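Trainee: quick check, what structure comes out for this input:
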Amino acid sequence: MDTQNLKAFVEVAETSSFSHAAEILHLTQPAVSKRIAALESQLDCKLFDRINRTVQLTEAGHSLLPKARQILLAVQEAKRSIDDLQGDISGQLRIGISHHIGLHRLPPVLQAFTRQHPNVHFDIDFMDSEEAHEQVMHGQIELGVVTLDPADNSPLRRQPVWQDKLLVTVSPDHPLAQSGRADITTLSQFPAILPGLNTYTGQIIKALFQQHSLKLDVSMATNYLETIKMMVSIGLGWSVLPHTMIDDSLKVLDIDDLKLHRTLGYVVHPNRSLSNAANAFVEALQANGVS
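Mentor: Now for the predicted structure:
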């Protein structure tokens, strides 16, 4: 069974699109269709239904998908094991990185690592921390550099690297900015702009208000902290942002007895042996970790 055909099948299944799969694989859409057709011919079954411009897995496709992922992972692991026998730190390293960490924490780590290990080729996907956890869990990426689950419910092996202090912020002309002080009850009376409450950062804020039996008035939600910062800076609401993002466009509120933080670090699958490149990258993370 041709692994290139399997790879095309997995990408179409995960994106629900032949065109998006073609972009990811750097192929033309007809080339992807040809690979799927070859796989369907080999297996003597239909893998996708095409209904009103949508692509959906058939029952056979659903059955094949986890097995296809396992085969591709086994091939990747075999290649990596052979490469690692030589002790070289080289090859492809696929990692998932949260947008915020990629902007505010990782640049010096990546710069130092690439200078020291020029033969490692990064395949970096920027994504929400929750998605990175899922992709590590399913073997799609080797490790994730993310906000760690505050509830620690994940079976993944996790390692803290940074402590990210979270601060309540408003625009300088927001009504709450006049005194520079507030309490949780007062915050609940004003609209908030927050990450989705199902995200790890959102869960921290949600738990705080639940602890005080207060309702959150969330006027807008987005998982992109840079967007939240912009909307707060023009006075659309208050938010909780990492201290690394604070500048003159924001006013930090002093909230009595309130100390919020989230833990940033990396996650790996407990049953996966890391490549030489991944182990070297983990060492770089730990060496550059700061509070």
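Trainee: send me the helix or strand hosting I204 as PDB with only the CA atoms.
Mentor: In this structure, I204 sits in helix 200-211 according to DSSP states H and E. Output for helix 200-211, consisting of C-alpha atoms alone and laid out as PDB, is shown next (Å, rounded to 0.1, in the frame of the first residue of the first chain):
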ATOM      1  CA  TYR A 200      -7.400  26.600  29.100                       C
ATOM      2  CA  THR A 201      -6.900  30.400  29.700                       C
ATOM      3  CA  GLY A 202     -10.700  30.900  29.600                       C
ATOM      4  CA  GLN A 203     -11.200  28.100  32.100                       C
ATOM      5  CA  ILE A 204      -8.900  30.000  34.600                       C
ATOM      6  CA  ILE A 205     -11.000  33.100  34.300                       C
ATOM      7  CA  LYS A 206     -14.300  31.200  34.400                       C
ATOM      8  CA  ALA A 207     -13.300  29.300  37.500                       C
ATOM      9  CA  LEU A 208     -12.500  32.600  39.300                       C
ATOM     10  CA  PHE A 209     -15.900  34.000  38.700                       C
ATOM     11  CA  GLN A 210     -17.600  30.800  39.600                       C
ATOM     12  CA  GLN A 211     -15.700  30.800  42.900                       C
END
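Trainee: average model confidence for that helix?
Mentor: The average of the pLDDT scores along helix 200-211 is 91.
Trainee: with stretch 7-27 instead?
Mentor: Mean pLDDT, stretch 7-27: 91.
Trainee: buried ones in that stretch?
Mentor: By neighbour count on 16 or more other C-beta atoms under 10 Å, the buried set for stretch 7-27 is 7-14, 17-18, 20-22, 24-25, 27. (C-beta placed from N, C-alpha, C; glycine too.)
Trainee: what distance separates that stretch from the middle of the whole chain?
Mentor: In terms of C-alpha atoms, centre = their mean, to the nearest Å, the centre of stretch 7-27 is found 20 Å from the chain centre.
Trainee: hmm, back to that, and the helix holding I204, what does it pack against?
Mentor: Identification of packing neighbours for helix 200-211 by 3 or more C-beta pairs under 8 Å, 6 or more residues apart in numbering; DSSP states H and E yields strand 143-147, strand 239-242, strand 260-268.
Trainee: buried deepest among those, which one?
Mentor: Mean neighbour counts were taken over these using mean count of other C-beta atoms under 10 Å, and the top value, a mean of 28, falls to strand 143-147.
Trainee: who are the packing partners of that one?
Mentor: Counting contacts by 3+ C-beta pairs under 8 Å, 6+ apart, the secondary-structure elements packed against strand 143-147 are strand 91-97, helix 99-104, helix 129-137, helix 200-211, strand 260-268, helix 276-288.
Trainee: output these in TSV; the columns should cover distance to T185.
Mentor: Formatted as TSV, these follow (distance: least, C-beta to C-beta, whole Å):
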stretch	distance to T185
strand 91-97	37
helix 99-104	29
helix 129-137	30
helix 200-211	10
strand 260-268	16
helix 276-288	40
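Trainee: let me know which of those is the nearest to E59.
Mentor: For E59, the closest of the helices and strands packed on strand 143-147 is helix 129-137, at 23.3 Å, according to C-beta to C-beta.
Trainee: now the closest one - C-alpha only, CSV.
Mentor: The C-alpha trace of helix 129-137 is given here as CSV (Å, rounded to 0.1, in the frame of the first residue of the first chain):
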residue,chain,number,x,y,z
SER,A,129,-3.3,24.9,22.8
GLU,A,130,-6.2,22.6,23.0
GLU,A,131,-5.8,21.5,19.3
ALA,A,132,-2.1,20.9,19.9
HIS,A,133,-2.9,18.6,22.8
GLU,A,134,-5.2,16.6,20.5
GLN,A,135,-2.6,16.4,17.8
VAL,A,136,0.0,15.1,20.2
MET,A,137,-2.5,12.6,21.6
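Trainee: for it, give me every contacting residue.
Mentor: Applying C-beta atoms under 8 Å, 6 or more residues apart in numbering, the contact partners of helix 129-137 are 96-98, 125, 127, 141-149, 154-156, 198-200, 267-269.
Trainee: tell me the buried residues in that helix?
Mentor: With burial defined by 16+ other C-beta under 10 Å, the residues of helix 129-137 counted as buried are 129-136.
Trainee: from those residues, pick the one nearest D248.
Mentor: Ranking the buried residues of helix 129-137 by separation from D248, with C-beta to C-beta as the measure, puts S129 on top at 28.2 Å.
Trainee: distance of the closest one from K206?
Mentor: Between S129 and K206 the computed distance is 16 Å (C-beta to C-beta, to the nearest Å).
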